[in-house]
Structure formats: structure tokens, C-alpha cells
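Engineer: Sharing a model prediction with you, sequence too.
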2 protein chains.
Amino acid sequence: MVGIRDAAARTGLSADTLRYYERIGLIEDVTRDGAGHRQYGDQDLRWLEFLLKLRRTGMHIHQMTAYARLVRQGPHTQAARQAMLEAHRDEVVARIAELTEHLSALDYKIALYRDGGMT
Amino acid sequence: MVGIRDAAARTGLSADTLRYYERIGLIEDVTRDGAGHRQYGDQDLRWLEFLLKLRRTGMHIHQMTAYARLVRQGPHTQAARQAMLEAHRDEVVARIAELTEHLSALDYKIALYRDGGMT
DNA sequence: GTAGCCCTTGGAGTGCGCTCCAACGCAACC
DNA sequence: GGTTGCGTTGGAGCGCACTCCAAGGGCTAC
């Protein structure tokens, strides 16, 4: 069990963002210590790391809250969750393809500069 | 020479965005017809397509305006422009690597759902 | 000449994802 | 018991990249 400061340091999110994520329902209500301070367990940290992966691959916050809601609703939402992840996966694949394509254009332009062919 | 509507259609940007890009100095003042309407030439369209590539690879608007400013200043800024593009290229490569890495995590999770291993 | 349409402008508004703030609480240490 | 330090809350503010709006101008068709 770690405080919000440590949870922030471990996940790379800010303490403000952790509180924000809780507010919008991305994280289930975190347990509190005697002073009312949040205490994050291993499960919380793993969930946060997973959320961060979704976020860093461009999933929108509202989709993430939808996914989180499904998780909370229990095992009968597995198929829906799987479908969400698969749809997102396809978007990530497409994004990688787009970046790779534009990268060649960028490389081509850089080569022109290197050859002194640009004015 | 095409009007703003056609330029928007061809580049995939909106007419509003084209005017916005001009306002912030991303595009040099576009020539106008008798009625004061913008007319985009081939060179303008090629420049817009290049801007769009930078944008779609995650370059920030203010970096793009910096690049545009260098182009306007003439040939003696070639080295600076090349450096900007190379730095951006490195970011794109890093971004692709990150996406690819997170993609495996996503695939792993999807496989768990497929095997019925998730609750 | 008037209706319809597309364009112009400056400026305000929007949605996203945080980020910051003031006011306060509690616990520990001197 | 005062100070320090870390946390709490609700709500306001921010930066980005557009996006929309009202008011108006000019061309074309009828």
C-alpha cells in the first residue's frame, strides 16, 4: 500500500491526474488510511499501468471510462471488453502504419536537405 | 488555382482550419481573386500536404510555424530546417516504437480474453 | 432588383485532458 | 501549542487546435 505521491512516481501520472481519474470513474474508489489519505495497492497500480498503456496508445478518456465500467460490472461483460480492446488494437495498428508511411516522406525530405537539393 | 472549398476538399483540412493556418503564419498570404477570395495554387497545396504530414505525425503547431518561418527566411536557414526535421523524425521513430511495444501488451491481454482467462 | 450562394472578417466558443488553487485537516516533531 | 509537511476537497483555469458565429460583401441567375 502506497500513498498518492508514490503511486504517482511509480506510474508516471501526477497526483492531480490520479485524483482526476478517480473522479471520472477510471479508478474505483481507492481505500483510505485513518487520515483519509488514499492508499494504492498492487492491484491499483497494475490497473493504472494498464490504463496508461491505453492512454499512450491514444485511447480517449471516455472510452477508457466505458471499459472501466464494464470491468466493474463483472465477468459477463468479457465479450464486450474484448471487442473494445480489439477495436482499439486495430486503431493502433492503423496509426503505426500511418506514422511509418509519413516517416518515409520525412526521410525523403531530409535526404533532399542532405544532398543540398532544397532551397 | 482553386478556391478555399476545393483546397479544403483536396487537403482534408476544413476551410476554417485553412484560414486559421494562414492567420497564425503557417501559410504565407494566399493570393486573392477580384472578390478578395483566396486562390490556392499547386505550390500552396503541396505545402499544405506537407504541413498535414507533419501534423499527423504529431508535430506541434508552434513548431510548424517555426519551420514555416525558416522557410520564408530563405536558403540560409536550410541547416536549421534539416535539424528540425531530423529531430522530429527521431520523435516519430520513438513514437512508433512505443506504440509497437504497447501493441504487444494489448495483444497479450486480448489473447487472455480469447482463452477465457479473464474475469 | 432580389434571391441564393459562397466568401470575407474579428472574435468568441468548444472539447479534451489535465493542472492549479484556496481553504482546510491531520499527524509528527520541537 | 505552534510549525512543517503531506494530504483532502470542489471548483476554476489552462493550453491546444481548432470550430463556430454574426455581420457583411460580391457574383450569378432569374
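Structural biologist: Yep, it's here.
Engineer: Can you list the low-confidence ranges for chain A?
Structural biologist: Along chain A, segments meeting pLDDT under 70 span A:117-119.
Engineer: so A:Ala8 touches A:Ser14, yeah?
Structural biologist: Yes. With contact defined as C-beta atoms under 8 Å, A:Ala8 reaches A:Ser14; the gap is 5.7 Å. Any C-beta I mention is one placed from the backbone N, CA and C, and that applies to glycine too.
Engineer: of the two, who's got more company?
Structural biologist: Using other C-beta atoms under 10 Å in any protein chain shown, the more surrounded residue of A:Ala8 and A:Ser14 is A:Ala8, with 19 against 12.
Engineer: Grab the most central residue of chain A for me.
Structural biologist: Most central in chain A under C-alpha atoms, centre = their mean is A:Arg55, positioned 2.3 Å from the mean C-alpha point.
Engineer: Quick one: residues contacting A:Leu103.
Structural biologist: B:57, B:89, B:92-93, B:96 (C-beta atoms under 8 Å, 6 or more residues apart in numbering or on different chains).
Engineer: A:Gly12 too?
Structural biologist: Counting by C-beta under 8 Å, 6+ apart, A:Gly12 has contacts A:Leu52.
Engineer: got it, and the one 5 residues further on?
Structural biologist: The neighbourhood of A:Thr17, defined by C-beta under 8 Å, 6+ apart, consists of A:Ala8.
Engineer: roughly how far is the longest helix anywhere in chain A from the heart of the chain?
Structural biologist: Counting by DSSP state H, the longest helix found in chain A is helix A:78-114. With C-alpha atoms, centre = their mean, to the nearest Å as the basis, helix A:78-114 stands 17 Å off its chain's centre.
Engineer: what's the angle from it to helix B:78-114?
Structural biologist: 160 degrees (axes from the mean of the first three to the mean of the last three C-alpha atoms, to 10 degrees).
Engineer: What residues sit buried inside helix A:78-114?
Structural biologist: Under the neighbour-count criterion of 16 or more other C-beta atoms under 10 Å in any protein chain shown, helix A:78-114 has A:78, A:81-82, A:84-85, A:88-89, A:92, A:95-96, A:99, A:102-103, A:106, A:109-110, A:113 buried.
Engineer: Nearest residue to the residue in chain A that DNA strand C sits nearest to in space, please, no chain neighbours.
Structural biologist: Here the residue of chain A nearest DNA strand C is A:Ile61; by C-beta to the nearest atom of the strand that distance is 3.1 Å. In this structure, A:Ile61 finds its nearest non-sequential neighbour in A:Ile24, 6.9 Å apart by C-beta to C-beta, 6 or more residues apart in numbering or on different chains.
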